[in-house]
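*Asks:* turn this into a model:
(chains A, B, C and D)
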There are 2 protein chains.
Amino acid sequence: MEERDGIGASNSNTGTLGKAVAVLELVAMAERPMRFTDVFDRAGQPRGTLHRQLSHLVEEGLLELNADHCYEPGLRLLKLASRTWMRSDLRRFAAPHLQALHELTGETVHLGVLKGAEIIYLDKVESRQAVRMDSQIGRASPAYCTGIGKAALAALPEGMLGPLLDGVELRRFTPQTIADRPALEAELAAIRSAGHAFDREEHEVGIRCVAAAIVDAGHSLVGGISVTGPAYRVGEDALADWAPQVRRAAQSVAGELAARLGPGGA
Amino acid sequence: MEERDGIGASNSNTGTLGKAVAVLELVAMAERPMRFTDVFDRAGQPRGTLHRQLSHLVEEGLLELNADHCYEPGLRLLKLASRTWMRSDLRRFAAPHLQALHELTGETVHLGVLKGAEIIYLDKVESRQAVRMDSQIGRASPAYCTGIGKAALAALPEGMLGPLLDGVELRRFTPQTIADRPALEAELAAIRSAGHAFDREEHEVGIRCVAAAIVDAGHSLVGGISVTGPAYRVGEDALADWAPQVRRAAQSVAGELAARLGPGGA
DNA sequence: GCCATTTGTTCCAATATGTGGAACATATTT
DNA sequence: AAATATGTTCCACATATTGGAACAAATGGC
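*Replies:* Okay, the predicted model is just below:
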């Protein structure tokens, strides 16, 4: 078996499906619409092959080919994802707790889960903004520099944490970002003993949060809840005040999840 | 080439990818979590094959296999879909108009697009509810019994409408549902001449709406905007009053889309 | 408006990949 | 403990994917 350029080099045990979704992701995650050649340049795959893959993705509705020959993510993804979202037990159990935290603090409350080394946001409660699906939902952010992310990482068993971090480049987003490994590990240890994590403008300047992890029995699902606010309004002392409540909310959700899985499932 | 039972019988020209996403859809669209055998019963595919397909889908993060051996839609779908949503030109152009319609009417405003014979909801502006991603976004509803759906169908050229409707079973959701073909065609003709469509509790009892179609130049994208309200609060006369504004909003969006595609693209 | 060049699509032999039946594990029930 | 249902692995065979190259269509320069 040979190594390949471009996508699909790492995970080549999902066969043709893996290659196809690698192409899908390449197009969907791009900042701007891509024409055939743009994809070709990055996919590292022969023209004929790539062309067929794209055609199939389009025919399946996972991509769309618009009038100016640009591939864009397709509507079918939305349809599929809406089911993911609606059926998420974690989201359903957490919703009332998120709402309660929002009413307590008046600030934005997030629910996220750890997926690899990223946090994927599952839900959000917010006051100010008009009522609309927030671009945050479904969004992926690095775990090591977000509140929920750090709380989740700290909740991982040692054996999983190390390898996970090995694969991550600790990029600096702000002056506060913890961008070296020893410092991050110290931070995670502190979080472990405190039971909650702070984000001190580490991902975005002007944004602070306090978060606590939600862990299920077998560490098969690790996520968290956070209360987020603008630095000018939310001091670190305020975050510290909310920490116990956030922790309690996270624990409640974890408890409900456990109760659900215990008697009901395995 | 032989016909097969179960999924994949109709569209068998997307190769292995098509079969894989058929399995994905089967699992994602199911009402409840499915165990291996549940999928097996409906997929009409040999055990070995199905097992590998599911494994690959899980490994790619499109499905997840939880502790009690149930397959569920995976988080990666959310991540991919959030890009679909964020990057949708239609959504971006329409957003301010939706907001304006909401402020005018005080009722819920929807944006949807026609995908096959279904309307997929792309956005929603609503007052009452807490600010959260609404389960409606990404959701698919039959076109023939929703406001946006009928408006969109009426905007299709004859040549596309007929075949599309041929493939649809006109199921009755409420006593008001237009469940036979001639009546539906008469309704579409009426919508065509009026320029807007009403949903008179045809999909859900107690829910009414008025909608207008957004059509782009080559009919490559057809969708619509609607104002929806509970029947007890929103009479048909109120809907009729709003119709011109809804029509105007839809036309504005269509205009902006055309302006965007014209100079910029082809 | 014509030629050169880029961009996109189709074709086909070689072969890697998926297929599907059946045997093998593993859980669950009687 | 035996029987049944459920989930997983194996391997000869068929087929879908591969990828190079030829072809067509669109763009751009002159």
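*Asks:* okay, strands next: where are they in chain A?
*Replies:* Using DSSP state E, the strands of chain A run over A:34-35, A:63-65, A:70-73, A:108-115, A:118-125, A:140-142, A:197-200, A:207-215, A:222-230.
*Asks:* by how many degrees do the fourth one and strand A:118-125 diverge?
*Replies:* What that stands for is strand A:108-115. 150 degrees (axes from the mean of the first three to the mean of the last three CA atoms, to 10 degrees).
*Asks:* how much does strand A:108-115 deviate in direction from strand A:207-215?
*Replies:* Going by the same axes, to 10 degrees, strand A:108-115 makes 50 degrees with strand A:207-215.
*Asks:* what about strand A:108-115, near chain B?
*Replies:* Yes. Counting by CB under 8 Å from any CB of the partner chain, chain B is contacted by strand A:108-115 at A:113, A:115. For glycine as for every other residue, the C-beta is placed from the backbone atoms N, C-alpha and C.
*Asks:* before we move on, back to that, wait, which of the strands of chain A is closest to B:A117?
*Replies:* Of all these, it is strand A:63-65 that lies closest to B:A117, at 17.4 Å by CB to CB.
*Asks:* circling back: nearest to B:R192, of the strands of chain A?
*Replies:* Nearest to B:R192, of the strands of chain A and by CB to CB, is strand A:63-65 at 26.5 Å.
*Asks:* picking that back up, okay, the strands of chain A in JSON lines with mean pLDDT next?
*Replies:* What follows is the strands of chain A, written out as JSON lines (pLDDT from 0 to 100):
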{"stretch": "strand A:34-35", "mean pLDDT": "92"}
{"stretch": "strand A:63-65", "mean pLDDT": "92"}
{"stretch": "strand A:70-73", "mean pLDDT": "92"}
{"stretch": "strand A:108-115", "mean pLDDT": "92"}
{"stretch": "strand A:118-125", "mean pLDDT": "89"}
{"stretch": "strand A:140-142", "mean pLDDT": "91"}
{"stretch": "strand A:197-200", "mean pLDDT": "96"}
{"stretch": "strand A:207-215", "mean pLDDT": "94"}
{"stretch": "strand A:222-230", "mean pLDDT": "92"}
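*Asks:* now render those strands as CSV, adding mean neighbour count.
*Replies:* Compiled in CSV, the strands of chain A are given as follows (neighbours: other CB atoms under 10 Å in any protein chain shown):
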stretch, mean neighbour count
strand A:34-35, 18
strand A:63-65, 21
strand A:70-73, 22
strand A:108-115, 25
strand A:118-125, 24
strand A:140-142, 19
strand A:197-200, 23
strand A:207-215, 27
strand A:222-230, 26
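*Asks:* redo the ones you listed as TSV? Include distance to A:Q245.
*Replies:* Formatted as TSV, these follow (distance: least, CB to CB, whole Å):
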stretch	distance to A:Q245
strand A:34-35	45
strand A:63-65	44
strand A:70-73	38
strand A:108-115	11
strand A:118-125	14
strand A:140-142	23
strand A:197-200	14
strand A:207-215	9
strand A:222-230	8
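*Asks:* which one of these lies closest to B:D241?
*Replies:* It is, among these and with distance given as CB to CB, strand A:118-125, at 34.0 Å.
*Asks:* which one of the strands of chain A lies closest to B:G159?
*Replies:* B:G159 sits nearest to strand A:63-65 of all those, at 20.9 Å, using CB to CB.
*Asks:* and that closest one, does that touch chain B?
*Replies:* No. Using CB under 8 Å from any CB, strand A:63-65 stays clear of chain B, coming no nearer than 9.1 Å.
*Asks:* what sits up against that strand?
*Replies:* Identification of contacts with strand A:63-65 by CB atoms under 8 Å, 6 or more residues apart in numbering or on different chains yields A:24, A:27-28, A:54, A:57-58, A:71-75.
*Asks:* what does stretch A:189-196 give?
*Replies:* A:150-151, A:154-155, A:197, A:210-212, A:243, A:246-247.
*Asks:* circling back: and the furthest pair within the contacts of strand A:63-65?
*Replies:* A:L54 and A:L75 (16.5 Å).
*Asks:* closest to DNA strand D out of the strands of chain A?
*Replies:* Distance to DNA strand D, taken as CB to the nearest atom of the strand, is lowest for strand A:34-35 among these, at 9.5 Å.
*Asks:* what's the spacing between that closest one and its chain's center?
*Replies:* The chain centre lies 26 Å from the centre of strand A:34-35; the measure is CA atoms, centre = their mean, to the nearest Å.
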